[in-house]
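[1] Based on what follows, work out the 3D shape:
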Amino acid sequence: MTVAIAILNWNGKDWLAKFLLSVVKYSPNAKIYVIDNASTDDSLEFLKSNFPQVQVVQNHSNSGFAAGYNHGLKAINADIYCLLNSDVEVTENWISPIIKLFCDDPDIAAIQPKILDYNQKNKFEFAGAGGGMIDNLGYPYCRGRVFENIELDNGQYDDETEIFWASGCSLFIRSEDFWKMNGFDERFFAHHEEIDLCWRLKNEGRKIYYSGKSTVYHVGGGTLKKENPEKTYLNFRNNLTMLVKNLPASKVFFILFFRLSLDGFAAFYLAYKNGWRHLWAVLRAHVGFYWQLPKSIQLRQKHQIDPYYQTKWLIFKHFFGRKTN
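    Predicted coordinates:
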């Protein structure tokens, strides 16, 4: 089973200098690629001088995470793709447990490792933690991370188990499954595109898994920090678009009405917490969602699964302490 590690880069020479050595050192049987989204720094010169064994795939523009990978992966031939953020430090033997899971169960389409915080290595990291889940209103969360609350790693997620979505910061996926789904939805640009992809895979009867036997350390926010209103815009717009595409028809209208209403409260909360530009970002996100709506409806699959909700009414439990389950 061949593995290709694909690192998407845009003006990330400093991240490559910091973390690429760990990838080369601990991935002896994998081919390593950097997919460059038309960087204007000296990333390519750095790679040529310091990592000649790493192959470069050159995209012609910075088309974001989703389209960047869709375009770049067309030039890469492997059984398993590992989509790896440039701000991730990998560890010894991080690939072997993942490959074993793929070999043991052909129904598994995608797997993520345990994702810890590079700056606090005994703590889970926001983007993936111990595996992605979703609540009954479509709010993504992780084992080990609910909204801004993040757990310490005490071995509670050292298991290997089925999850709902795998983080795009370190996403192993069978190439066959990736292309069967036509890759990422490029309209997302960045954020939630991996959740949407995993949900579409589950709609096709495929499994998404987590392996606590493999560990990586993620810095997070290397390209777009959470304080940036553009991140707020993408998160809100893409989450709504994902719900329209993937929820069962019997639930989509009710949940969308509920979510659009809650987004109004969230906009004022974010404005109070992070500044008024975030309220404007939520409003823009709703306009963007409606703009995408006809295409989103067109992209709905023949079958939509009703997800298993490990947690329900997450936002009320988290912010108001209501036990509504």
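
[2] When you work out contacts or count neighbours from here on, use the C-alpha atoms and nothing else.
    OK.

[3] where do the helices sit along this protein?
    Ranges of helices within the chain are 13-25, 43-50, 64-73, 96-104, 175-180, 193-203, 229-246, 249-274, 276-298, 314-320, based on DSSP state H.

[4] Relative to residue 158, which of those helices is closest?
    helix 96-104 (12.0 Å; C-alpha to C-alpha).

[5] what mean pLDDT does that closest one have?
    Helix 96-104 shows a mean pLDDT of 98.

[6] which other helices and strands contact that helix?
    Under the contact criterion of 3 or more C-alpha pairs under 8 Å, 6 or more residues apart in numbering; DSSP states H and E, helix 96-104 touches strand 108-117, strand 207-218.

[7] go again using 7 Å as the cut-off
    strand 207-218 (3 or more C-alpha pairs under 7 Å, 6 or more residues apart in numbering; DSSP states H and E).

[8] now the angle from the strand it packs on to helix 96-104?
    170 degrees (axes from the mean of the first three to the mean of the last three C-alpha atoms, to 10 degrees).

[9] and residue 252, how many neighbours does it have?
    16 (other C-alpha atoms under 10 Å).

[10] no, scratch that, I was asking about residue 97
    16.

[11] Could you do the one 4 residues further on as well?
    Here the number of neighbours of residue 101 (other C-alpha under 10 Å) works out to 17.

[12] ok, what's across the strand from the closest residue in space to it that isn't next to it in sequence?
    Nearest non-adjacent residue to residue 101, counting by C-alpha to C-alpha, 6 or more residues apart in numbering: residue 108, 7.8 Å away. Counting by DSSP bridges, residue 108 is bridged to residue 207.

[13] Leaving out chain neighbours, which residue sits closest to residue 270?
    Using C-alpha to C-alpha, 6+ apart and skipping residues adjacent in sequence, the residue nearest residue 270 is residue 278, 5.9 Å away.

[14] So if we follow the domain assignment, how does this protein break up?
    3-218, 229-320 (automatic domain parsing).

[15] Single out the most deeply packed of these.
    Most buried of the domains of the chain by mean neighbour count (mean count of other C-alpha atoms under 10 Å) is domain 3-218; its value is a mean of 20.

[16] can you tell me which of the domains of the chain the model trusts least?
    domain 229-320 (a mean of 92).

[17] And that domain, how far out from the chain middle?
    Centroid separation for domain 229-320 versus its chain: 16 Å, with C-alpha atoms, centre = their mean, to the nearest Å.

[18] how long is it end to end?
    25 Å (C-alpha to C-alpha, to the nearest Å).

[19] what ranges do the strands span in the stretch 51-200 of the chain?
    Secondary structure of the stretch 51-200 of the chain (DSSP state E, counting those that start in this stretch): strands at 55-59, 80-84, 88-90, 108-117, 132-134, 140-142, 145-146, 149-150, 160-163, 170-174.

[20] Go through the ones you listed and name the closest to residue 260.
    strand 140-142 (15.7 Å).

[21] Show residues contacting that closest one.
    The set of residues external to strand 140-142 that reach it, using C-alpha atoms under 7 Å, 6 or more residues apart in numbering, is 128, 129, 130, 131, 132, 133, 134, 147.

[22] rerun that using 10 Å as the cut-off
    124-135, 146-148, 150, 163-167, 192, 195, 239, 311, 314 (C-alpha atoms under 10 Å, 6 or more residues apart in numbering).

[23] re earlier: can the strands of the stretch 51-200 of the chain go into CSV with extra columns for distance to residue 10?
    Output for those, formatted as CSV (distance: least, C-alpha to C-alpha, whole Å):
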stretch, distance to residue 10
strand 55-59, 10
strand 80-84, 13
strand 88-90, 15
strand 108-117, 22
strand 132-134, 26
strand 140-142, 26
strand 145-146, 28
strand 149-150, 28
strand 160-163, 30
strand 170-174, 17
